[in-house]
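S.K.: Predicted coordinates and the sequence they were generated for:
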Amino acid sequence: MLSTSNIKKGLKLTLEGHPLIVVDFKHIKVARGGAKIWTKLKNLKTGQVIERTFNSGETFPEPDFSERTMQYLYHDDQGYHFMDSETYEQTFLTEDQVGDYKWYLQENVEYKILYFEGKPINIDMPASVVLQVTQAEPGVKGDSVSNLTKGATVETGLKVKVPLFIKEGESIKIDTRTGEYLERA
């Protein structure tokens, strides 16, 4: 059993049969009342974000989650296809399950697929990925003081703002949570 004392960012739990992940939380102590835990939870199946407050000491059943490392193969009308490198078993995730992570998927790269009750529901994407710039606008210096950026497109089709010194063919690191440029790789 999980309890409110286990709550932290990234904790996966089930409430009312829904797989959830803790996005944010705060410990709230009011004068004369018991402690409460405010949480922001994201549904791993639908992507919906909800806020919920728990009383200190509440418990939750242990979720039936598992992760398997799988290689991304390709995308078609059915969805995004992955293969287990050990058993060669293939599975796919739908467009809704993958969501915005589709911009970071690279063929033949391994990712962790999250399973809930034996069914694949989501990708456990790393915090950042390295992608190659395929198209970059020419850098034009204007009369601004700092933070000069230009548009660039990476190999997966994602459009991102990058500094003026980034050129086509270079590899850059991108934050998968925000979709922003981090650094040159």
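M.R.: Received, thanks. Numbers count the residues shown, from 1 in each chain.

S.K.: CA atoms for contacts and neighbours, from now on please.
M.R.: Noted.

S.K.: Averaged pLDDT, the helix or strand containing Gln135. What do you get?
M.R.: Assigned by DSSP states H and E, Gln135 belongs to strand 128-136. Here strand 128-136 scores 92 as its mean pLDDT.

S.K.: Pull the residues that contact that strand.
M.R.: 104, 150-156, 166-177, 185 (C-alpha atoms under 8 Å, 6 or more residues apart in numbering).

S.K.: List the buried residues for stretch 128-137?
M.R.: 128-136 (16 or more other C-alpha atoms under 10 Å).

S.K.: typed the wrong thing, it's stretch 17-28
M.R.: 19-25.

S.K.: And for stretch 46-59?
M.R.: Result for stretch 46-59 [16+ other C-alpha under 10 Å]: buried residues Ser56.

S.K.: just the CA coordinates of that stretch, formatted as PDB?
M.R.: In PDB, the C-alpha atoms belonging to stretch 46-59 read as follows (Å, rounded to 0.1, in the frame of the first residue of the first chain):
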ATOM      1  CA  THR A  46      -6.000  10.400 -21.400                       C
ATOM      2  CA  GLY A  47      -3.400  13.100 -20.500                       C
ATOM      3  CA  GLN A  48      -6.000  15.000 -18.400                       C
ATOM      4  CA  VAL A  49      -4.500  16.900 -15.500                       C
ATOM      5  CA  ILE A  50      -6.500  17.100 -12.200                       C
ATOM      6  CA  GLU A  51      -5.900  18.600  -8.800                       C
ATOM      7  CA  ARG A  52      -6.700  16.600  -5.700                       C
ATOM      8  CA  THR A  53      -6.200  17.200  -2.000                       C
ATOM      9  CA  PHE A  54      -5.600  14.200   0.300                       C
ATOM     10  CA  ASN A  55      -5.700  14.000   4.100                       C
ATOM     11  CA  SER A  56      -2.400  13.000   5.800                       C
ATOM     12  CA  GLY A  57      -2.300   9.200   6.300                       C
ATOM     13  CA  GLU A  58      -4.600   8.300   3.300                       C
ATOM     14  CA  THR A  59      -3.600   5.100   1.600                       C
END
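
S.K.: so Arg52 touches Lys42, yeah?
M.R.: No. Counting by C-alpha atoms under 8 Å, Arg52 sits too far from Lys42 to count as a contact (10.8 Å).

S.K.: Against Ile37, how distant is the closest residue to Glu62 other than its chain neighbours?
M.R.: What sits nearest to Glu62 in space, not counting adjacent residues and going by C-alpha to C-alpha, 6 or more residues apart in numbering, is Met1, at 5.1 Å. In this view, Met1 and Ile37 are 17 Å apart by C-alpha to C-alpha, to the nearest Å.

S.K.: All good on my end, thank you.
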